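>>> with the input below, show me the fold.
(4 chains)
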2 protein chains.
Amino acid sequence: MKPIYLAIIEDDLVVQESLVEFFGLHPTIETVVVTNSVEDFLKLINSCEKVPEILLLDINLPGISGLKGLPLIKNELPNLDIIMLTTFDETDNIFKALSCGACSYLSKRASLQNILDAVLVVSEGGSYMSPAIARKIANFYAPKKKSILTSRQLEIVDGIVAGKSYKMIASDLFVSIDTVRSHIKNIYKTLEINCKAELIRKSFNKEI
Amino acid sequence: MKPIYLAIIEDDLVVQESLVEFFGLHPTIETVVVTNSVEDFLKLINSCEKVPEILLLDINLPGISGLKGLPLIKNELPNLDIIMLTTFDETDNIFKALSCGACSYLSKRASLQNILDAVLVVSEGGSYMSPAIARKIANFYAPKKKSILTSRQLEIVDGIVAGKSYKMIASDLFVSIDTVRSHIKNIYKTLEINCKAELIRKSFNKEI
DNA sequence: TTTTCAATAACATAATAATGTGGTTTTACG
DNA sequence: CGTAAAACCACATTATTATGTTATTGAAAA
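Numbering: from 1, shown residues only, chains lettered A, B, ... in the order given. Reported below is the predicted structural model:
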């Protein structure tokens, strides 16, 4: 059975060592690169005969942070699957990491066994999210209780988000363009915004 | 210890029975409602003294499908955590289910043990996604290979998406407003669009 | 070295959007 | 019955956006 080539970037030497030791015991995982910074990793990676397939990347690193480093690393090794290790589960970071191509995300409070599970899952083409993280993702998609806009206003918003002009929205809804304007004025007031871009952003962020 | 009240909607009687039997053995889980359709569930739920906290919901049901039923159920029991069980992992369904408020999603090929894990994780406020599903979610966020826009053009797009006017973008980038206009003309041409709304939409859909 | 392309910029014009003020009508609620 | 909210509409003004044409400069590619 082909071993899984693993890399680790972790600046906390205690954590780093415990990871290395733990994975050293595993029969099918071979830790091929271990560094304590993104910079070192990028230097080492070119002169490395065994190219890692999976990387455990700490999100809080001195120098280039894990989050900033992600695109740099992905640029060098596009096929590397990256598992983020994080101390705090900040929602923003989760989505930023995912947007940069991280495929798994787990809390450092997770046990070594959990981290191993994640590595194995990823090596099989899956993805592992710790429960708290997964919940945040689910909540992100979840519908908001109820909009502060009226149903008519929501129809107007739909039109805007769909890229229609006021004129088009007016003719679609069989009302005058001034009515559309009027609705939009009210919508902007309610949402405390003053341009279309904000409206569309809010809509995509499910803030409406 | 307070038991976890569980409900199950599953039309396949073999699966249903094995679930009921399996959870019956668990000390802290009490299965309080079992039906084979969303319709029956909605009828029963009002005359039920023990209100379920977690629901295992099959996605493919006769009559009202699990997906269609989700909002109806959530409407009756807003605090119910719903775990979707699915035979096929269609990406569309995953996101639809999440958008309707499902908090976990797992393949029926998952073992009973996995389903139990999911129930326990959810009962603790987490969320469980099977690896293949989680991977699809991660891939959804992953960056597209490379943009057809130049880096400068991307800076302009960022400004637009952030809700800035041309004037603001110009002053942020220390160029004239006509330069910004010029960039935007080129961007629209390249992307074959002709308004800001489309640009923002594409940006949020990672089509840029 | 010629050509292409990205980035810069000016000038011009038409369309659309943002904002204000004021008004009517219908519907729902206490 | 009165009132409030929602949907409707008009008129007006300014700001911003969309679009066209043209041109210079520097860097990269052919």
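
>>> whichever helix in chain A runs longest near DNA strand D anywhere?
In chain A, taking DSSP state H as the definition, the longest helix is helix A:177-191. Yes - with C-beta under 7 Å from any atom of the strand as the measure, helix A:177-191 is seen reaching DNA strand D through A:178-179, A:181-183. All C-beta spots, glycine's among them, are computed from the backbone N, C-alpha and C.

>>> most neighbours, which of those?
Within the residues of helix A:177-191 next to DNA strand D, most neighbours by other C-beta atoms under 10 Å in any protein chain shown means A:His183, with 23 neighbours.

>>> ok, now which ones touch it?
Applying C-beta atoms under 8 Å, 6 or more residues apart in numbering or on different chains to A:His183 gives the contacts A:152-153, A:156.

>>> check A:Val34 too.
With C-beta under 8 Å, 6+ apart, A:Val34 has these contacts: A:7-10, A:16, A:20.

>>> apply 6 Å and report the result again.
A:8, A:20 (C-beta atoms under 6 Å, 6 or more residues apart in numbering or on different chains).

>>> equivalent analysis for the one 4 residues further on, please.
With contacts defined as C-beta under 6 Å, 6+ apart, A:Val38 is in contact with A:64, A:69.

>>> with DNA strand D as the reference, measure out to A:Pro3.
Taking C-beta to the nearest atom of the strand, to the nearest Å as the measure, A:Pro3 falls 38 Å from DNA strand D.

>>> any idea of the pLDDT on A:Lys2?
Predicted confidence (pLDDT) for A:Lys2: 83.

>>> A:Val34 sits in which helix or strand?
strand A:29-35 (DSSP states H and E).

>>> circling back to that earlier point, now the contacts of A:His183 in a markdown table, with neighbour count and secondary structure?
Below are these laid out as a markdown table (neighbours: other C-beta atoms under 10 Å in any protein chain shown; DSSP: H, G, I helix; E, B strand; the rest coil):
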| residue | neighbour count | secondary structure |
| --- | --- | --- |
| A:Arg152 | 14 | helix |
| A:Gln153 | 18 | helix |
| A:Ile156 | 27 | helix |
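
>>> rewinding a little: just the mean pLDDT for the longest helix of chain A, thanks.
97.

>>> roughly how far is that helix from the heart of the chain?
34 Å (C-alpha atoms, centre = their mean, to the nearest Å).

>>> near DNA strand C at all, it?
Yes - using C-beta under 7 Å from any atom of the strand, helix A:177-191 reaches DNA strand C at A:178, A:181-182, A:184-185, A:188.

>>> on that earlier part again, and the next element down the chain from the strand holding A:Val34?
Toward the C-terminus, strand A:29-35 is succeeded by helix A:38-44 as the next helix or strand (DSSP H and E).

>>> give the buried residues for that next one.
Using 16 or more other C-beta atoms under 10 Å in any protein chain shown as the burial criterion, the residues of helix A:38-44 that qualify are A:38-39, A:41-42.

>>> and the furthest pair within those residues?
Comparing every pair within those by C-beta to C-beta identifies A:Glu39 and A:Phe41 as the most remote, at 7.2 Å.

>>> which residues of chain A fall in strands?
Assigned by DSSP state E, chain A shows strands spanning A:4-9, A:29-35, A:54-58, A:81-86, A:104-107.

>>> surely A:Tyr141 touches B:Leu98?
Yes - counting by C-beta atoms under 6 Å, B:Leu98 is a contact partner of A:Tyr141 at 3.7 Å.

>>> the more surrounded of the two?
B:Leu98 (25 against 18).

>>> how far away is the more buried one from A:Leu112?
Separation of B:Leu98 from A:Leu112 (C-beta to C-beta, to the nearest Å) stands at 30 Å.

>>> cool, A:Met1 as well?
21 Å.

>>> for A:Gly101, the count of nearby residues, please.
Burial of A:Gly101 is recorded as 20 neighbouring residues (other C-beta under 10 Å).

>>> that one: what's it in contact with?
A:74, B:142-143 are the contacts of A:Gly101 under C-beta under 6 Å, 6+ apart.

>>> quick check: the residue in chain A positioned nearest to DNA strand C vs A:Ile187, distance?
Closest residue of chain A to DNA strand C, C-beta to the nearest atom of the strand: A:Asn194 (3.0 Å). According to C-beta to C-beta, A:Asn194 stands 11 Å off from A:Ile187.

>>> who has more neighbours, those two?
Set A:Asn194 next to A:Ile187 and count neighbours by other C-beta under 10 Å: A:Ile187 wins out with 21 against 12.

>>> correct me if wrong: the more buried one contacts A:Gln153.
Yes - if you go by C-beta under 6 Å, A:Ile187 and A:Gln153 touch, sitting 5.2 Å apart.

>>> now do the residue nearest to A:Val32 when sequence neighbours are not counted against chain B, distance only.
Among residues not flanking A:Val32 along the chain, A:Lys50 sits closest, at 4.4 Å (C-beta to C-beta, 6 or more residues apart in numbering or on different chains). Distance, A:Lys50 to chain B, using C-beta to the nearest C-beta, to the nearest Å: 24 Å.

>>> quick one: neighbours of A:Lys50, just the number.
Count around A:Lys50 with other C-beta under 10 Å applied: 13.
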